[in-house]
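>>> Need a 3D model of the following:
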Amino acid sequence: MELPESMELIRRFSSAGFGLGETTRSHSEALEKEKKRRLPEEFRCYIDQFAPEQSQYFTKVGNPLLLYGGASLSWTMDGYNFNRVIDEPIEDWLPDWFLFADEGGDPVIVDLSERESNCMVYQAMHGAGVWAFAPIADSIGQFLVCSAAMHHALEEIPVDDPIIDDERGFNLCDQCADWLFPFMKTHAGRYYDDWVSIFDNH
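Residues are numbered from 1 along each chain as shown. Below is the predicted model of the structure:
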């Protein structure tokens, strides 16, 4: 999914905005100059045209997803590739992994070594001993759509409580489920379970 298409799709169902597409500054040039390397085209486009200027939260079950603002993007990622307490790099973080979001500390990255037309998005658990990254979206656009859809189902659909946790299991309420699950089957594709399997009624 291309970034302009994803922005249009998000605007159709969500009023949150998330600051997407409102940036007035180019941040990719400084990042590229610092490391003397060119970023993948979709990531450059995202940073310069679609990333929020300030970091934004997307509601999920449990910890929210924190999407970093363009001004926060950096090659120095404290707690991931750098330990600020002892002022030393963390060696097990590969230089091609670029952090642009996290979910309760669990890193969300693009791999700068990949040169497809779109950037796959990966996520791993923090504190597991090794970084076991797994794909959660085929493009940044798809990742943004799925993140916004989860937020919409949990925050914007007018219900008393979107989640019902009782003897029948941990379920999304009917009104939210009737919107989210068909939407994600269409737009999350092969990552459907990665996004919604937390709900027993998915």
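>>> C-alpha only now, for contacts and for neighbours.
Fine.
>>> Which parts of the protein are strands?
Taking DSSP state E as the criterion, the chain carries its strands at 56-58, 65-67, 82-83, 88-89, 97-103, 106-111, 121-123, 134-137, 163-166, 169-172.
>>> Relative to E155, how far out is the spatially closest residue to D78 that is not a sequence neighbour?
Leaving aside its sequence neighbours, D78 sits nearest to R84 (Cα to Cα, 6 or more residues apart in numbering; 6.1 Å). Distance from R84 to E155, counting by Cα to Cα, to the nearest Å: 35 Å.
>>> Equivalent analysis for Y192, please.
Remark: distance between Y192 and E155 (Cα to Cα) = 20 Å.
>>> Tell me which of the strands of the chain lies nearest to S14.
Relative to S14, the nearest member of the strands of the chain by Cα to Cα is strand 56-58, separated by 11.7 Å.
>>> returning to what we had before: quick one, which of R84 and E155 is more surrounded?
Neighbours were counted for R84 and for E155 using other Cα atoms under 10 Å; E155 has more, 18 against 13.
>>> these two touch, right, the more buried one and K60?
No: the pair formed by E155 and K60 falls short of the contact definition of Cα atoms under 8 Å, at 9.3 Å.
>>> can you tell me the average pLDDT over the helix of greatest length in the chain?
Longest helix in the chain by number of residues (criterion: DSSP state H): helix 174-187. Predicted confidence along helix 174-187 averages 98 (mean pLDDT).
>>> how much space is there between the most far-flung residue of the chain relative to its centre and V159?
With Cα atoms, centre = their mean as the measure, the chain has its most outlying C-alpha, relative to the mean C-alpha position, at E167: 31.8 Å. When distance is defined by Cα to Cα, E167 is 20 Å away from V159.
>>> Next: V110.
Applying Cα to Cα, the value for V110 to V159 is 35 Å.
>>> Between those two, point out the one with more neighbours.
V110 (22 against 14).
>>> tell me the contacts of the more buried one?
V110 makes contact with 97-100, 119-122 under the criterion Cα atoms under 8 Å, 6 or more residues apart in numbering.
>>> Recalculate using a threshold of 7 Å.
Contacts of V110 were listed using Cα atoms under 7 Å, 6 or more residues apart in numbering, and they are 97-99, 119-122.
>>> can you redo the residues you listed as TSV with pLDDT, neighbour count and distance to A51?
TSV is the format used below for these (pLDDT from 0 to 100; neighbours: other Cα atoms under 10 Å; distance: Cα to Cα, whole Å):
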residue	pLDDT	neighbour count	distance to A51
W97	95	18	18
F98	96	22	14
L99	96	22	13
C119	97	22	14
M120	98	23	16
V121	98	21	15
Y122	99	21	17
